[in-house]
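K.L.:
with the input below, show me the fold.
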Amino acid sequence: MRRDRLFAPRRRPSGAGRWLLLLLLLCAPAFALLRSRTGPGAPAVGTEAVTEVTIAATPVAAPPPVSAQSAILMDAATGTVLYQRDARARRPMASTTKIMTALLVIEHGGLNNAVTASEHAANTPYTGLYLRKGEQVRVEDLLWAILLRSANDACVAAAEHVAGSEEAFIAMMNARARALGMNDTHFMNPHGLHHPDHYSSAYDLAILTRHALGDPRFAEMVARKRRRIDRSVEKQDVVVVNKNRLLFRWDLADGVKTGYTRQAGHCLVASASQADWRLIAVVLKSSDSWSDSRALLEHGFRAYQEVVVAKRDAPVVAVPVVGGMRPTLRAVAAEPLSVLAPRGARVDLRTRTQAGKVRAPLTRGATVGTLVVRRGDTEVGRTLLLAASGMDERPQAPLPGWAVSGVAALLTFFSLRTVARYGRKAAQGPRRRRRRFSP
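P.N.:
Down below sits the predicted model:
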């Protein structure tokens, strides 16, 4: 029995496992390629272009004297403060309140909607439009009356239309103020009539105005000198004239809102533009708000210069693209960016790029990164980088070069290993049997 077992032909080990392992190894590169092309992979990281701005130290012309108890001069594009005087002091701001009112009405009122004046709106003190109960006026016409004539009754009618009640609208005003970072502002009404808990600051009003001017509808309205509106009742009173005298006295003026109460004094939020460069001046409790505002705005244009870092749709950097028809793609700035420097100062702009992983295919206008502008350690502006053109994905071979080389190396290795192993066994097998069972 034992001798039969010894002389029985040996069973060759099954090669199914070996060949299955070989097949898996051969297919591994293909699986890896398939996973890299269809799987989620690593998230794309957009390119970041950082422009460092260095401005040589240059003396700035002395600001003009102003009579206002609080004042500020701010660049509308960047928010850079060029002058301030007690700018964060909390003061009553009178009808400059209507900047916030108009902004919310533009955003939520629906300009073509009709508003029916309530008795509460018609009885608003110190009215400007003299609305009658039941009179119907479009939201847009109410806005013209609010921003040009400074109509208190129009404010209440619009507030009730937007929020359902004046109280609910005031809650919207305060919520928006907090969202904008207006930390020294609190509203108690939509028109600005005096209340001890109704206040703001020159700085907060400049921040609000800078945001509001970003809405082209608001910017258009505050720049108009007069406007004809439609009314359902008082049809003889249909022309509203802007109370901002700067619009009639100075060609550069293009907004924004006047204000006066006995407690607040004369207040003015003014803006002016020169060659697409806009400045904002705010004066509160001024003895001559027109002269103070114009003097500050002229000082800004005279003492500072605008340095354009990037124009809208202007090429900024070449962005590396993974898997595209070309290795790079031009990126353009989504919004213009600029910095202010003392007039005559030497300004150096240096841009460094941190390449990310932007993957093809890309469409024109796709976001491919961010442009950040820094002055020292302070960020002074940022905007998105957009693809200047589209880019298709590069066609790929079934297996890349590295995969083909890997397959060839594995085939060679396993072929040689198999030949060597079975060749050695074939040569040693007969001798082993003869030695083992010789007499």
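K.L.:
low pLDDT regions in the stretch 301-439 of the chain?
P.N.:
396-439 (pLDDT under 70).
K.L.:
strands of that one, residue ranges please.
P.N.:
304-310, 315-322, 328-333, 337-342, 347-354, 358-359, 367-375, 378-387 (DSSP state E, counting those that start in this stretch).
K.L.:
I'd like these as JSON lines, with distance to P125 appended.
P.N.:
Heads up, the C-betas are built off the backbone N, CA and C, glycines and all. Putting the strands of the stretch 301-439 of the chain into JSON lines (distance: least, CB to CB, whole Å) gives the following:
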{"stretch": "strand 304-310", "distance to P125": "42"}
{"stretch": "strand 315-322", "distance to P125": "54"}
{"stretch": "strand 328-333", "distance to P125": "49"}
{"stretch": "strand 337-342", "distance to P125": "42"}
{"stretch": "strand 347-354", "distance to P125": "52"}
{"stretch": "strand 358-359", "distance to P125": "60"}
{"stretch": "strand 367-375", "distance to P125": "48"}
{"stretch": "strand 378-387", "distance to P125": "43"}
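K.L.:
let me have these in a markdown table, adding distance to R294 and mean neighbour count as columns.
P.N.:
Converted to a markdown table, the strands of the stretch 301-439 of the chain look like this (distance: least, CB to CB, whole Å; neighbours: other CB atoms under 10 Å):
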| stretch | distance to R294 | mean neighbour count |
| --- | --- | --- |
| strand 304-310 | 16 | 19 |
| strand 315-322 | 37 | 20 |
| strand 328-333 | 33 | 21 |
| strand 337-342 | 19 | 21 |
| strand 347-354 | 28 | 13 |
| strand 358-359 | 48 | 22 |
| strand 367-375 | 29 | 20 |
| strand 378-387 | 27 | 18 |
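K.L.:
among the ones you listed, which is nearest N112?
P.N.:
Taking CB to CB, strand 378-387 is the member of these nearest to N112, at 32.1 Å.
K.L.:
partner strands of that closest one and their direction?
P.N.:
Note on strand 378-387: by DSSP bridges, its sheet partners are strand 328-333 (antiparallel), strand 367-375 (antiparallel).
K.L.:
so what pairs up with the residue most central in space within the chain in the strands?
P.N.:
The residue lying closest to the centre of the chain (CA atoms, centre = their mean) is T383, at 6.5 Å. With DSSP bridges applied, T383 shows beta-bridge pairing to L371.
K.L.:
switch to numbering from 24
P.N.:
Will do, 24 is the new start, and the previous item becomes T406.
K.L.:
so how far is T393 from it?
P.N.:
7 Å (CB to CB, to the nearest Å).
K.L.:
I figured the residue nearest to the centre of the chain hits V355, correct?
P.N.:
No: the pair T406 / V355 is not scored as a contact, 9.9 Å apart, by CB atoms under 8 Å.
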